[in-house]
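J.: got a structure for you, letters missing:
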């Protein structure tokens, strides 16, 4: 029987079956289930496939590169904004190339279901000049992942595999194939390949530039890029990744009258696009995310335009694709019988009942009534919900770790009180270096680490910070007198407010660890945390 | 034949369990299936939905197009109405009547019920009470699945088998309670004589 799998799980199973030796990742919606599937997999355990969470995406990618260096197949997984964190190693390992197959999986989030932007990772793939893959359905997610490792080893380059939310989080029945053996350790044949000092790097960069025509040709002939003939040449359609499904949904017979180029491998295949241009009067480009292909093939000056898509306004420029906005672009009337009745109110997400962040925000809000000038810089995690009513406690939040460094810059500018609120896992992900900056300059900021001992928003995964926060802060040079721990409970509210106020008034760096486990944690994990706490107290 | 089922509720109300039962039953019946769901931020007490598509032919889109849902099954009455643009003409509305009150501007209940009842094919039941009376208030979602079962193109047997498969881990007592919830939901729905 077919296996019922999420797109993410199909991808993970594909990696296991491709002889994977290690997955490295930091959780982030919509990518998290890929790594979790491998963590739960019995066969992955038997094969000793590494799957423990990394501290951030950069450390994850570098570790994956190390495993590839040793000759084994490795995968690194993240959400789209995670690739910003790992961009340094990503750009440079395209120059060094790889040894064992290395697949970089990035899950984009068009429409920002659970993200702060909808950046399109394909631009990174083009920037790094590496092959890219973009499955259109769950079966293809499985098949293309196996193929990705072969492709990576064929050109000795990392391969970027792009997912989008709707494929990541949709289930279907999958046919699973055979599993191949893992690679043995074998070091790189060329001893200078991985040493990117300028004289060697120039050679590697030449290789990368020279191989571009080969990877283009490979993409043009790829099984995953398909030219589908159609009798009506008044329009030709380019549909990349998941867009193909939404397109086909509009033809109940399963037959589209227009010629289609279905793209799931990049570089953008030139030859079949030329063919489509030569045979069709107009070309409609359907792609989830930015107008990546459309921009590349549009007439730069906008004259004699025969390409339509997001740039022309035929498809909305922002937000994800769906069967309906594509129906519109095809000129079909959509029948909508009912609108949402006026009686329906919005229901935004909220912090769980009993969550420790709530008690922290109660304290912060009370302090705001005392000092109007107070500014609170938030960070990425459940506590970002503190930017919404009823709390409205957070004035700014941008990306992982920015709370501490923005608070520092604001304090440098003269803002007081300047408060940073950051989660425990976000702190170890990207907050520690910023704290060191503030410590060195003795900047008057108050850093509150809201420690729920979990990566809560993505499903309460283990936090790298658990049991280590005090030692880390001490190690970074936070003064002992200004390193405090509070328990965010309603009964402690007044006491907590007094303590935070005192630290706000200190003319230097204070760190307050507001510590209470996430209410979503299962009992076993809470018990484990108690053990960790005992050890650290001893 | 293609059936589109939209599941609605608030994060944590168990719509993904309904989805998992439908998925398992569809796959065991050798049908094509696609089921999309929401993970991440909205799971924290926000509005959540899942699109379940079952067919004997290939399914392309993971999302149901607007106006193409055969039914909306909701664990909460206001959440039901949020997805009306997806409902096809004369499609079915199946919902629990108990509101989930975590917002300050929740509408008047009578107004909500009147809106739901203005649609010809509605099944609005006190699934929560039925589940509670059976001694398993967590099975509200399964009562609703039972209530919808006669219009879902999957055999009763395959749905019950899926319930057994999914709850097996929790022991026979929980399995039986969920089967009871399913049966009771099915029974109550017959009163609506659709």
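T.: Nice, I can see it. Because the structure is a prediction, the values reported are computed rather than measured. Residues are numbered from 1 along each chain as shown, chains lettered A, B, ... in the order given.
J.: secondary structure element holding residue A:327?
T.: In the assignment (DSSP states H and E), residue A:327 maps to helix A:323-329.
J.: pull out the buried residues from stretch A:322-340.
T.: By 16 or more other C-beta atoms under 10 Å in any protein chain shown, the buried positions in stretch A:322-340 come out as A:322-327, A:329-330, A:338. Every residue, glycine included, has its C-beta placed from N, CA and C.
J.: residue B:4 falls within a strand, correct?
T.: Yes - if the criterion is DSSP: H, G, I helix; E, B strand; the rest coil, then residue B:4 is within a strand.
J.: assess the claim that it and residue B:50 are in contact.
T.: No - under the criterion of C-beta atoms under 8 Å, residue B:4 is not in contact with residue B:50, lying 11.5 Å apart.
J.: residue ranges for the helices of chain B, please.
T.: B:15-28, B:77-82, B:109-117, B:127-133, B:140-148, B:156-167, B:172-190 (DSSP state H).
J.: got those as TSV, with mean neighbour count and mean pLDDT columns?
T.: Shown next, in TSV, are these (neighbours: other C-beta atoms under 10 Å in any protein chain shown; pLDDT from 0 to 100):
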stretch	mean neighbour count	mean pLDDT
helix B:15-28	23	96
helix B:77-82	24	97
helix B:109-117	15	96
helix B:127-133	20	96
helix B:140-148	28	97
helix B:156-167	18	97
helix B:172-190	18	95
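J.: please settle this for me: is residue A:160 part of a strand?
T.: Yes - note on residue A:160: a strand contains this position according to three-state DSSP.
J.: which positions in the stretch 301-450 of chain A make contact with chain B?
T.: By C-beta under 8 Å from any C-beta of the partner chain, the residues of the stretch 301-450 of chain A that approach chain B are A:322-324, A:327, A:334-341, A:343-352, A:382, A:385, A:390.
J.: and if you look at the stretch 151-300 of chain A?
T.: So the stretch 151-300 of chain A meets chain B at A:166-167, A:169-173, A:242, A:244-250, A:254 (C-beta under 8 Å from any C-beta).
J.: now with 7 Å?
T.: With C-beta under 7 Å from any C-beta of the partner chain as the criterion, the stretch 151-300 of chain A meets chain B at residues A:166-167, A:169-173, A:245-246, A:248-249, A:254.
J.: and the next helix or strand past the helix holding residue A:327?
T.: Using DSSP H and E, the helix or strand that follows helix A:323-329 in sequence is helix A:356-370.
J.: please name every helix or strand in contact with that following helix.
T.: strand A:446-451, helix A:493-504 (3 or more C-beta pairs under 7 Å, 6 or more residues apart in numbering or on different chains; DSSP states H and E).
J.: circling back: which strands and helices lie in contact with the helix holding residue A:327?
T.: If you count contacts as 3+ C-beta pairs under 7 Å, 6+ apart, helix A:323-329 packs onto helix A:243-249.
J.: which strands or helices does the helix it packs on pack on?
T.: Using 3+ C-beta pairs under 7 Å, 6+ apart: helix A:243-249 touches helix A:323-329.
J.: again, only using 10 Å
T.: helix A:165-168, strand A:226-228, strand A:236-240, strand A:260-263, strand A:283-286, helix A:323-329 (3 or more C-beta pairs under 10 Å, 6 or more residues apart in numbering or on different chains; DSSP states H and E).
J.: what residues does the longest one touch?
T.: By C-beta atoms under 10 Å, 6 or more residues apart in numbering or on different chains, the list of residues contacting helix A:323-329 from outside reads A:235, A:237, A:239, A:243, A:245-250, A:284-286, A:308-310, A:312-316, A:319, A:321, A:332-336, B:60-68, B:85-86.
J.: around chain B, pick out the residues from the stretch 1-150 of chain A.
T.: Proximity of the stretch 1-150 of chain A to chain B is confined to A:1-4, A:6-8, A:28-30, A:32-33, A:79, A:109, A:112-115, A:136-138 under the rule C-beta under 10 Å from any C-beta of the partner chain.
J.: contacts only, for the residue nearest to residue A:14 when sequence neighbours are not counted.
T.: Nearest residue to residue A:14, sequence neighbours excluded (C-beta to C-beta, 6 or more residues apart in numbering or on different chains): residue A:145, at 3.1 Å. Residues near residue A:145 by C-beta under 10 Å, 6+ apart: A:10-18, A:20, A:34, A:75, A:103, A:105, A:133, A:135, A:159, A:161.
J.: residue A:145 and residue B:105: what is the separation?
T.: The gap separating residue A:145 from residue B:105 is 46 Å, by C-beta to C-beta, to the nearest Å.
J.: buried among the contacts of helix A:323-329? Make that a ChimeraX selection.
T.: Isolation of the buried members of the contacts of helix A:323-329 (16+ other C-beta under 10 Å) is achieved in ChimeraX through the command below:
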select /A:235,237,239,243,245,246,247,248,249,250,284,285,286,308,309,310,312,314,315,321 /B:60,61,62,63,64,65,66,67,68,86
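J.: against which helices or strands is the host helix or strand of residue A:125 packed?
T.: If you go by DSSP H and E, residue A:125 is part of helix A:122-128. Applying 3+ C-beta pairs under 10 Å, 6+ apart, one finds that helix A:122-128 contacts helix A:82-85, helix A:87-96, strand A:102-108, strand A:132-133, strand A:159-164, strand A:265-266, helix A:292-297.
J.: cheers, nothing more for now.
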